[in-house]
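> sequence unknown, structure follows:
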């Protein structure tokens, strides 16, 4: 095979590197799963913190650092290469499980989340960008589906396992041993097995329909381009909801009388559906076009949240958590594919970084918002108001987004 053909995008040609990246992204997702079930519990049990806004502080720090890291990962990936961002991300991930295990007070948990945010921003962003480079235009939705599937399924599995290990052996240190294994494997694989994907971008640029590169990318993605703006706000509201859920659900479910293991199940069901369904939803968006999938997904999320406070039983919570995960699965890979559709290949890494800055900024805003509402009123209101805001976001997409050149797939 001549070198000219080795950098041709497409899942068939590049399945080996692509599969390795899928596995590495499962480890990236698993790092977040470490905290999903037990950190609010650790706050109350080990450190005696009762104020909701204080408990939510770890999510705020995580959201802000991850959002900023996404932006820099996008900018620097273009300049210094994708692989370097991936490796750097893992170097920040290594200390996280150790700090969580031995933290003598809550401030150390905050520091761990600073490192975790950088780990997620750099490693996950690099992973997304490299997969889009490898997949090419035709399979972009599918590629993002596979990427997010591996990451969020791992969040779910680890969220469940940590809840179970904590119930059996105590909150610390045992649940965090999983994190050490994942971080070490993630780093070693990234260093020794992954190749940079910059040559694929060069190939695609030569064959791209997008003739002009955009000048002021930040302004375009955030405000000026109505399609990119609609995608960015919906991304932000999706993670606003997740920042709320991360902090509020374990506390809400405990108040409803669920055991730690049951809470682990409900908290894991939501990212499990989010994870598993993305391969399908990402691929469907290649056919239906992005807009339909996006507004329908926002609608399902909003309605699920409005149902949540009315529930009382374990199985009801499981059902609505599954529904919430389904709505999230509809939008998550579709966001990234839409941003890639709308930008020049050379602008792609930075544009995705900017979108992910807004999207993951939603974690922080959602956690601050719901912490304050929960402290002044109650958790029910925090969940309900979040549902209403997510419905507004669905309407925004319906009204603002052009239909684009849908569907993306060209028939041969």
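Happy to help now that I have it. In this text the structure is predicted, and so the values were computed from the model without any measurement.

> show me where pLDDT drops low in the stretch 301-412 of the chain?
403-412 (pLDDT under 70).

> meant to ask about the chain
1-5, 208-214, 403-412.

> who touches stretch 255-263?
Where contact means CB atoms under 8 Å, 6 or more residues apart in numbering, the residues beyond stretch 255-263 that reach it are 37-38, 41, 163-164, 166-167, 249-250, 253-254, 266, 311-312, 314, 317, 379. In short, each C-beta sits where N, CA and C put it, glycine included.

> how far does it stretch from one end to the other?
Stretch 255-263 has its terminal residues 11 Å apart, counting by CA to CA, to the nearest Å.

> just the helices in the stretch 51-200 of the chain please.
Secondary structure of the stretch 51-200 of the chain (DSSP state H, counting those that start in this stretch): helices at 52-55, 57-80, 82-93, 95-102, 106-135, 140-169, 177-193, 198-206.

> any of the contacts of stretch 255-263 buried? List them.
37-38, 41, 163-164, 166-167, 249-250, 253-254, 266, 311, 314, 317, 379 (16 or more other CB atoms under 10 Å).

> isn't residue 75 up against residue 356?
No. Under the criterion of CB atoms under 8 Å, residue 75 makes no contact with residue 356, lying 11.7 Å away.

> which one of the helices of the stretch 51-200 of the chain lies nearest to residue 330?
Nearest of the helices of the stretch 51-200 of the chain to residue 330, taken as CB to CB: helix 140-169 at 10.6 Å.

> buried stuff in the closest one?
140-167.

> report all helices and strands that it contacts.
helix 15-36, helix 106-135, helix 177-193, helix 260-276, helix 278-288, helix 314-341 (3 or more CB pairs under 8 Å, 6 or more residues apart in numbering; DSSP states H and E).

> okay, those helices in CSV with distance to residue 364 next?
CSV is the format used below for these (distance: least, CB to CB, whole Å):
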stretch, distance to residue 364
helix 15-36, 15
helix 106-135, 10
helix 177-193, 22
helix 260-276, 19
helix 278-288, 24
helix 314-341, 18
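
> indicate which one of those is closest to residue 63.
Among the helices and strands packed on helix 140-169, helix 106-135 sits nearest to residue 63 (CB to CB), with 7.2 Å.

> got a list of contacts for stretch 67-77?
Counting by CB under 8 Å, 6+ apart, 84-85, 89, 117-118, 120-122, 124-126, 129, 349-354, 356-361, 363-364 sit against stretch 67-77.

> which residue packs closest to residue 199, ignoring adjacent ones?
residue 7 (4.0 Å; CB to CB, 6 or more residues apart in numbering).

> correct me, but that neighbour touches residue 202?
Yes. With contacts counted by CB under 8 Å, residue 7 reaches residue 202, the gap being 7.3 Å.
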